[in-house]
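Trainee: Here's a sequence, model it:
(one chain, ligands or ions: 2)
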Amino acid sequence: MAGINLTRLRKSYTVDRRTVPVLTGLDLSIPENAITVVLGKSGCGKTTLLRLIAGLEPPDSGQISLPGNQRTAFVFQEPRLLPWLSVLDNVQFPLKRSEIRPDETRWMLDTVGLSGFERALPHQLSGGMQQRTALARALLFHPTLILMDEPFAALDHFTRVDMQHALLDIRQKTNASILFVTHSIDEALTLGDTLVILSDGVITARYSIPGQPRDLLSDDMIRLRRRIVASLE
Ligand SMILES: Nc1ncnc2c1ncn2[C@@H]1O[C@H](COP(=O)(O)OP(=O)(O)OP(=O)(O)O)[C@@H](O)[C@H]1O
Ligand SMILES: [Mg+2]
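Mentor: Numbering: from 1, shown residues only. Ligands and ions are numbered 1, 2, ... in the order given. Model prediction:
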């Protein structure tokens, strides 16, 4: 199947001469052109999973099969902008000169609500604006895979909802596989085409959620929320 396949992934860390198992034989397929949300408690291994997929560190065993033309963008919980570069230079920073498309950059900055701030430096932006810059930078890179590690967790409720809508809007316009990590059940239900629960080092449940936009207060969604809460406990 196209997309990304993870097979029997294992990873443990040694802390204070103790071995801490984090992933214990995890299987997961991440389809193209969809948002897969990973939901799990703090410390269950979500960031570790993203780091292994990004190749930032190797698994102890198991396989990560990626398409040949893989181009990965990582959006972290904090924006990680270069402080001496403007918004425009930050979002274009990962691109080669020949890859820069001024019209597309303008459109992307408009989509994330940053028109008029192209020349601003990161310290002149609010936290939400910085995070939107990081999202624009990731998307302009034309990734085939976007790894998102609680990217909206530090934002206020209203900015967070705006960013979720921007991501759903952009999801329509890209074929990328999006792997989105969150603690928030609401965020998972809002964004995920597929929602998986990571617990005890493996995927313990998988839910497909058809259709957008969603009413989180509908009977179906409330039923699904109950099942998810039960599978997290
Ligand atoms: N470099 C490391 N060295 C040692 N232990 C680590 C390292 N990275 C992660 N761990 C341990 O692995 C476990 C999983 O950490 P991870 O950061 O993947 O969790 P998480 O699900 O992302 O948590 P959170 O929701 O709080 O971000 C934790 O017990 C953590 O202490
Ligand atoms: Mg984490």
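Trainee: Kindly report the residues of this protein close to ligand 2.
Mentor: Residues of the chain lying close to ligand 2 (Cβ under 5 Å from the ion) are 46-47. All C-beta spots, glycine's among them, are computed from the backbone N, C-alpha and C.
Trainee: Find the least confident helix or strand in the chain, judged by mean pLDDT.
Mentor: helix 157-171 (a mean of 87; mean pLDDT, DSSP states H and E).
Trainee: Need the three-state assignment for I203.
Mentor: Following DSSP: H, G, I helix; E, B strand; the rest coil, I203 is assigned to strand.
Trainee: Not counting its neighbours along the chain, what's nearest it?
Mentor: V196 (4.9 Å; Cβ to Cβ, 6 or more residues apart in numbering).
Trainee: On the three-state scheme, the one you found is what?
Mentor: Going by three-state DSSP: V196 is strand.
Trainee: residues near it, how many?
Mentor: 22 (other Cβ atoms under 10 Å).
Trainee: before we move on, what about F93?
Mentor: 13.
Trainee: Tell me if I'm right that it and L82 touch.
Mentor: Yes - counting by Cβ atoms under 8 Å, F93 does reach L82; the two are 6.5 Å apart.
Trainee: Just confirm A120 is within a helix.
Mentor: No - using three-state DSSP, the assignment for A120 is coil, not a helix.
Trainee: Please report the confidence value the model assigns to it.
Mentor: pLDDT, A120: 98.
Trainee: Apart from its chain neighbours, what residue comes closest to it?
Mentor: Nearest non-adjacent residue to A120 (Cβ to Cβ, 6+ apart): V87, at 5.3 Å.
Trainee: Which residues are in contact with that neighbour?
Mentor: By Cβ atoms under 8 Å, 6 or more residues apart in numbering, the contact list for V87 reads 109, 114, 117-122, 125, 133.
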